[in-house]
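**Q** Coordinates for the following, if possible.
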Amino acid sequence: GINAEYGEFLEFYEVRAQLKALLMQQITHFRNSFPFGRPDNALKTTIKLLEQVLTHKIELKVDLPDLLGYEEEEMSGLECRKQTRKCLEQGAYINYLQISRQTLTEQLQTPGLDDMVKLADACIEFLQETLEHYGEALNVYERMMYEMNETFWQLYGVDMESVLADQDPGSRDILPLFHKLNAYFYEEQELRYGKFHMHLSEVFAPHIVSYLEKEETTLREELDDALERETWLNENCTEDFSCCAVQDIVAQVKNNQKLVAELRWPDKTFSEHLQSRTQKTTADIFDCFVSKVFEVLKTCPRLQRSVITYTSVLPDEVCVMMNSCITIRLYANELCGNATNSNSSEYCYRTEINDQLTQRIDVMFEFVCSQLCQCLVNLLDKLGRYDKDSILSHIYTIMGPKLAIVEPLFSHVRQNNVQIKQEIHPSSTCHLLLCWYNSLLTTIAEWLTKRENIDMHHFQLVAISTIFKTLFSEFSSQGLTEEQLRNATYRTIHNRIEYEETMNTLNIDTTRTYAYGYSSDSSAD
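**A** Down below sits the predicted model:
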């Protein structure tokens, strides 16, 4: 401090008040006072000078009570910083109004989303220029630049919220504005996750949720439309064996997931919620697709039991339907989440939907195979005529049964095996062949179970044994393993045949020896 007389003090205070007002005005209007940061360090020097002016203290030689009011004007360093920040906040308000008027000068009506995007561009450009030319000076006090920017964006937020309030719920038009602002805040490390950045998340969250709800409804409607348009023709399939409906649905799902990923939502919890929601929607849509396709498949005219003959092969349209479901399951592994991270609260739907789709596809395979087994059912019905407790058994025995009646069945099985190998998605070929094999064995096992307390006719035994060994040989040649082929059903049939052969040997009778006219040398166990 300096010692001063009363008159000197009054003169000093008057000069200091004028200097204070001048300095505060220059700081408030720093862009006009120091264009492009010129002269160098001028703004920084001005801020330092204001601090000195506000904190300088004078000691009087006389003690006058009426001077106490002047002494109260003296400020500490902390209060000085507050005063500087107040100037910058006022400056932010002035600058924002100026930019808003310049950007929307031709706007006659209430500003819309496009106008807010333009205003956001102008604000971003303004703040980037400010940082470039005045960043060092404005950071003379800690976080002073940050607080000025937050004030600036809060002013923008008022206009933004009034515009968003007029938008339709679920409108996609809001996304460009959010992307623009969010991308800027992510790039600005000081503003990232700041007050306005998180406020931005709160304001847009209801709009994003409404948009996703609308997209989910649209997606389900498009699924129904796509299935109605689908022709299930091979020529319309893509390289991954799927139909056009699959490609349409997968494209929509990918777009939704890409949109959520590109949002880069500031709030981690809500971001995980959005990701989990899109994965759940994807899982539901895929499950619904497979269910609806199965319903269509069950009504396929060429797959009805009444039209299945020995010359029937798995219809091409049924192959397309099954391939589409298989492809959907493969996409589920990709689009319904990665393996669950134990360090994350994110829920993974991949395992759940994969198991669910696998079960549905297995049911579909079993249905298709059971339909194709109609030829074997018809053949076994013919063999049932030789049941010993049947009235007509003796008549059919006298007519001379021929083993040639089983040959069309083998041709039927081979043709369908070829169709499966050529037309079914490679990832599920072996599984469908195994299902086809198991269906055939189950049909035979059920036929034998019905005759559990009846000794088999010699012709029945030879025919069943021939069918059993030939099926084993045929499916073994298609690549099924010994473990897959020799399952519990196989062992049950094998034991029954061995038992019946043993009984036939013990009770050999010349009246049951016939020339069946068929060689089974090619059969193999």
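
**Q** In which helix or strand does the closest residue to residue 180 other than its chain neighbours reside?
**A** Of all residues not flanking residue 180 in the chain, residue 120 sits nearest, at 5.2 Å (C-beta to C-beta, 6 or more residues apart in numbering). The way it works is simple: take the backbone N, C-alpha and C, and place the C-beta from them, glycine included. Per DSSP states H and E: residue 120 is located in helix 113-138.

**Q** Just the buried residues of that helix, please?
**A** Across helix 113-138, burial judged by 16 or more other C-beta atoms under 10 Å covers 113, 115-117, 119-120, 122-124, 126-127, 130-131, 133-134, 137-138.

**Q** and the residue nearest to residue 180, what is it in contact with?
**A** 156, 177, 180-181, 184 (C-beta atoms under 8 Å, 6 or more residues apart in numbering).

**Q** again, only using 7 Å
**A** 177, 180-181 (C-beta atoms under 7 Å, 6 or more residues apart in numbering).

**Q** Narrow the residues you listed to just the buried residues.
**A** Buried among those by 16+ other C-beta under 10 Å: 177, 181.

**Q** quick one: contacts for the residue nearest to residue 335 when sequence neighbours are not counted?
**A** Spatial nearest neighbour of residue 335, excluding adjacent residues (C-beta to C-beta, 6+ apart): residue 282 at 5.0 Å. Contacts for residue 282 (C-beta under 7 Å, 6+ apart) come out as 253, 335-336.

**Q** And what about residue 479, helix, strand or coil?
**A** In three-state terms, and counting by DSSP: H, G, I helix; E, B strand; the rest coil, residue 479 is coil.

**Q** Would you mark the buried spots in stretch 471-490?
**A** 471-472, 474-475, 478, 480, 484-485, 489-490.

**Q** Now secondary structure and pLDDT too, for the residues you listed, in JSON lines please.
**A** Listed next are these as JSON lines, based on DSSP: H, G, I helix; E, B strand; the rest coil; pLDDT from 0 to 100:
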{"residue": "471", "secondary structure": "helix", "pLDDT": "96"}
{"residue": "472", "secondary structure": "helix", "pLDDT": "96"}
{"residue": "474", "secondary structure": "helix", "pLDDT": "96"}
{"residue": "475", "secondary structure": "helix", "pLDDT": "96"}
{"residue": "478", "secondary structure": "coil", "pLDDT": "94"}
{"residue": "480", "secondary structure": "coil", "pLDDT": "94"}
{"residue": "484", "secondary structure": "helix", "pLDDT": "95"}
{"residue": "485", "secondary structure": "helix", "pLDDT": "96"}
{"residue": "489", "secondary structure": "helix", "pLDDT": "96"}
{"residue": "490", "secondary structure": "helix", "pLDDT": "96"}
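
**Q** Now render those as JSON lines, adding distance to residue 261.
**A** JSON lines is the format used below for these (distance: C-beta to C-beta, whole Å):
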{"residue": "471", "distance to residue 261": "50"}
{"residue": "472", "distance to residue 261": "51"}
{"residue": "474", "distance to residue 261": "49"}
{"residue": "475", "distance to residue 261": "45"}
{"residue": "478", "distance to residue 261": "43"}
{"residue": "480", "distance to residue 261": "42"}
{"residue": "484", "distance to residue 261": "41"}
{"residue": "485", "distance to residue 261": "46"}
{"residue": "489", "distance to residue 261": "48"}
{"residue": "490", "distance to residue 261": "50"}
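
**Q** Quick check: the two most widely separated of those?
**A** 478 and 489 (17.6 Å; C-beta to C-beta).

**Q** Okay, the residue nearest to residue 180 and residue 504: tell me how far apart.
**A** Separation of residue 120 from residue 504 (C-beta to C-beta, to the nearest Å) stands at 91 Å.

**Q** Wasn't residue 45 part of a helix?
**A** Yes. Counting by three-state DSSP, residue 45 falls inside a helix.

**Q** count of neighbours near it?
**A** Residues near residue 45, counting by other C-beta atoms under 10 Å, number 14.

**Q** Give me the contacts around stretch 427-438.
**A** 326, 330, 365-366, 369, 372, 416-417, 420-421, 424, 471, 475, 478-480, 484, 489.

**Q** Equivalent analysis for stretch 360-373, please.
**A** Applying C-beta under 7 Å, 6+ apart, the set of residues contacting stretch 360-373 from outside is 290-291, 294, 297-298, 303, 305, 308, 314, 318, 322, 325-326, 329, 416, 432, 435-436, 439-440, 443.

**Q** Mind giving me the PyMOL command for buried ones among these?
**A** Of those, the buried ones go into a single PyMOL selection, burial set by 16+ other C-beta under 10 Å:
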select buried, resi 290+294+297+303+308+314+318+322+325+326+329+416+432+435+436+439+440+443
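
**Q** so where's the stretch 401-525 of the chain shaky on pLDDT?
**A** Scanning the stretch 401-525 of the chain for pLDDT under 70 picks out the ranges 507-525.

**Q** now the helices: where do they sit in it?
**A** 407-423, 429-449, 458-477, 482-485, 488-506 (DSSP state H, counting those that start in this stretch).

**Q** residues of the last one that come out buried?
**A** Residues of helix 488-506 classed as buried by neighbour count (16+ other C-beta under 10 Å): 489-490, 492-494, 496-497, 500, 504.

**Q** Can you check what angle separates that helix from helix 458-477?
**A** Interaxial angle, helix 488-506 versus helix 458-477 (axes from the mean of the first three to the mean of the last three C-alpha atoms, to 10 degrees): 140 degrees.

**Q** And for the longest one?
**A** On the basis of the same axes, to 10 degrees, helix 429-449 is oriented at 170 degrees to helix 458-477.

**Q** Residue 39: how many residues sit nearby?
**A** For residue 39, the neighbour count with other C-beta under 10 Å is 8.

**Q** which SS class is it?
**A** coil.

**Q** And it, how far from residue 48?
**A** 14 Å.

**Q** can you check residue 204 too?
**A** Taking C-beta to C-beta, one finds residue 204 at 41 Å from residue 48.

**Q** the more surrounded of those two?
**A** Higher neighbour count among residue 204 and residue 48: residue 204, with 22 against 15, using other C-beta under 10 Å.

**Q** and whatever helix or strand residue 91 lives in, what does it pack onto?
**A** Residue 91 belongs to helix 77-103 when assigned by DSSP H and E. Counting contacts by 3 or more C-beta pairs under 7 Å, 6 or more residues apart in numbering; DSSP states H and E, helix 77-103 packs against helix 6-28, helix 42-55, helix 113-138, helix 144-164.

**Q** hmm, 8 Å instead?
**A** helix 6-28, helix 30-33, helix 42-55, helix 113-138, helix 144-164 (3 or more C-beta pairs under 8 Å, 6 or more residues apart in numbering; DSSP states H and E).

**Q** Let me see the contact set for residue 24.
**A** 50, 83, 87.

**Q** quick one: it from residue 224, how far?
**A** Applying C-beta to C-beta to residue 24 and residue 224 gives a distance of 67 Å.

**Q** can you check residue 451 too?
**A** 48 Å.

**Q** Among the two, which residue is more densely surrounded?
**A** Counting neighbours by other C-beta under 10 Å for residue 451 and for residue 224 shows that residue 451 has the greater number, 18 against 11.

**Q** Leaving aside the residues adjacent along the chain, what's closest to the more buried one?
**A** Nearest one to residue 451, counting by C-beta to C-beta, 6+ apart, is residue 387 at 6.7 Å.

**Q** how many neighbours does residue 422 have?
**A** 9.

**Q** Flag the helix or strand of the chain with the lowest per-element mean pLDDT.
**A** helix 68-71 (a mean of 46; mean pLDDT, DSSP states H and E).

**Q** Check the contacts of residue 120 against residue 286 and report the nearest one.
**A** The closest of those, once distances to residue 286 are taken by C-beta to C-beta, is residue 177, at 32.2 Å.
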